[in-house]
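[1] coords below, sequence missing:
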């Protein structure tokens, strides 16, 4: 593998680095007798690093610092840190769940197995035949020609397991709320500062103004001095797209209310199951979406999307200020023509805004 070097790269610093790398590789060969391919791999990686050094800080590999190294491999380190966090988080969740279940079982004078039977298995109960039939009809094309009677047992087991996981999650959530659990394990973060590196975007970039009081969302288009207005209720009340027929979408769960940083929030959870074989999976895939919203502020405070294929994606709204914001933040600038989306659709203009709406 060869790397083409430009004249910009062939700086004195890079040339000095190359000489040091050659000496290092020669020493490896003399002292350790490394194979030719191994030496070439060392040489290639070190020269790529030296090239990066020459481009970013005009320095040679002889004067490299740990900060230089951390910057060069920051993306790889971030991925590893994320993996470490996920492993710790899963381990911590398991420890917490076991301790809470053991404590609750001891409080009731039963075993953990008896506790789970009472709170999960007995509450799930029997799966109605009609639900099994509906699921079979929705996924008939994926049943490989097998009849309902042939797959009724596996379908029933799958549906029972899905519902049991819902009851178990709800039960564990109640136990956690009862002890005011606080988890100090933090996900890795990337601090992005633009104080010393101000960014300038496209001067004609669109700007969005969200005004919950006026029930309006404005999209400002500087190029045409147009402000497109759409009602927030129109978006909020829009019907949700239907789930693919091959997926099992359990009814939305009401998680009740809880306090999040001093704000009352209402929670809901939905669970979607992708049956085995639909996307090359040998087992069913369970996807969990949980949302906690403030009825007072009408904003999403926290959400969790859990997919075994991609991991957890968590959103948390922080640093909430209850102070009244300046009215100017919600005012369309002077010189803009406000047009509703319905107006633009019925009377399109040959502008950037009408082309984007199509």
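    Arrived safely, thanks for sending. Computed from a prediction, not measured in an experiment: that's the story for all the values here.

[2] how deep is residue 307 tucked in, by neighbour count?
    By the criterion of other CB atoms under 10 Å, residue 307 has 15 neighbours. For the C-beta atoms, the positions are set from N, CA and C on the backbone; glycine is no exception.

[3] List the beta-bridge partners for it.
    With DSSP bridges applied, the residues forming beta bridges to residue 307 are residue 311.

[4] Return the per-residue confidence for the residue most central in space within the chain.
    Against the mean C-alpha coordinate of the chain, by CA atoms, centre = their mean, the closest residue is residue 313 at 2.8 Å. At residue 313 the predicted local distance difference test score is 85.

[5] ok, now the one 5 residues further on?
    What the model reports as pLDDT for residue 318 is 80.

[6] got a list of what it touches?
    residue 261 (CB atoms under 8 Å, 6 or more residues apart in numbering).

[7] Helix, strand, or coil at it?
    In terms of secondary structure, residue 318 is coil; the call rests on DSSP: H, G, I helix; E, B strand; the rest coil.

[8] Report the separation between it and residue 50.
    Here the distance between residue 318 and residue 50 works out to 41 Å (CB to CB, to the nearest Å).

[9] Over to residue 99: give its phi and psi.
    The phi/psi pair for residue 99 (degrees, to the nearest 10) reads phi -70, psi -40.

[10] same question, the one 3 residues further on
    Listed backbone geometry of residue 102 is phi -60, psi -40, with angles given as degrees, to the nearest 10.

[11] Can you give me the distance of the closest residue to it other than its chain neighbours to residue 161?
    Using CB to CB, 6 or more residues apart in numbering and skipping the chain neighbours, the partner closest in space to residue 102 is residue 112 (6.2 Å). Using CB to CB, we find residue 112 at a distance of 19 Å from residue 161.

[12] Now name the helix or strand holding residue 286.
    Under DSSP states H and E, the secondary-structure element containing residue 286 is strand 285-294.

[13] List the strands paired with that strand, with their directions.
    Sheet partners assigned to strand 285-294 using DSSP bridges are listed as strand 263-274 (antiparallel), strand 299-307 (antiparallel).

[14] Can you say which of the ones you listed is packed in most?
    Highest mean neighbour count of those: strand 263-274, a mean of 18 (counted as mean count of other CB atoms under 10 Å).

[15] residues in contact with residue 207?
    By CB under 8 Å, 6+ apart, the contact set of residue 207 is 219-220, 222.

[16] And the closest residue to residue 70 other than its chain neighbours, which helix or strand is it part of?
    The shortest distance from residue 70 to any non-neighbouring residue, by CB to CB, 6+ apart, is to residue 77 (7.0 Å). Following DSSP H and E, one finds residue 77 within helix 74-108.

[17] How far off centre is that helix?
    Distance, stretch centre to chain centre, for helix 74-108: 18 Å (CA atoms, centre = their mean, to the nearest Å).

[18] returning to what we had before: so what's the residue count around the residue nearest to residue 102?
    Taking other CB under 10 Å as the criterion, the count of residues near residue 112 is 13.

[19] which residues of the protein fall in helices?
    In order along the chain, the chain carries the following helices (DSSP state H): 12-32, 36-56, 66-72, 74-108, 112-116, 122-124, 129-138, 148-178, 232-236, 341-346, 352-357.

[20] how near is residue 45 to residue 123?
    In this structure, residue 45 and residue 123 are separated by 57 Å, where distance is defined by CB to CB.

[21] Contacts only, for residue 119.
    Under the criterion of CB under 8 Å, 6+ apart, the contact partners of residue 119 comprise 167-168, 171.

[22] could you redo the last one with a cut-off of 6 Å?
    residue 171 (CB atoms under 6 Å, 6 or more residues apart in numbering).

[23] can you give me the mean pLDDT across stretch 85-103?
    Across stretch 85-103, the per-residue pLDDT values average to 90.

[24] Figure out how far stretch 300-309 is from the centre of its chain.
    Distance, stretch centre to chain centre, for stretch 300-309: 7 Å (CA atoms, centre = their mean).

[25] how does this structure divide into domains?
    Taking automatic domain parsing as the domain assignment, the ranges for the chain are 12-72, 81-178, 202-358.

[26] So what would you say the end-to-end distance of the second one is?
    Right, domain 81-178. End-to-end distance for domain 81-178: 32 Å, by CA to CA, to the nearest Å.

[27] and that domain, how far out from the chain's middle?
    23 Å.

[28] again with the longest one
    On the basis of CA atoms, centre = their mean, domain 202-358 sits 15 Å off its chain's mean C-alpha point.

[29] Relative to residue 184, tell me which of the domains of the chain wins on proximity.
    Each of the domains of the chain has some distance to residue 184 by CB to CB; the shortest is domain 81-178, at 9.8 Å.

[30] just to revisit the earlier point, can you redo the helices of the chain as CSV with distance to residue 273?
    Output for these, formatted as CSV (distance: least, CB to CB, whole Å):
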stretch, distance to residue 273
helix 12-32, 54
helix 36-56, 44
helix 66-72, 42
helix 74-108, 21
helix 112-116, 21
helix 122-124, 15
helix 129-138, 10
helix 148-178, 5
helix 232-236, 27
helix 341-346, 36
helix 352-357, 36
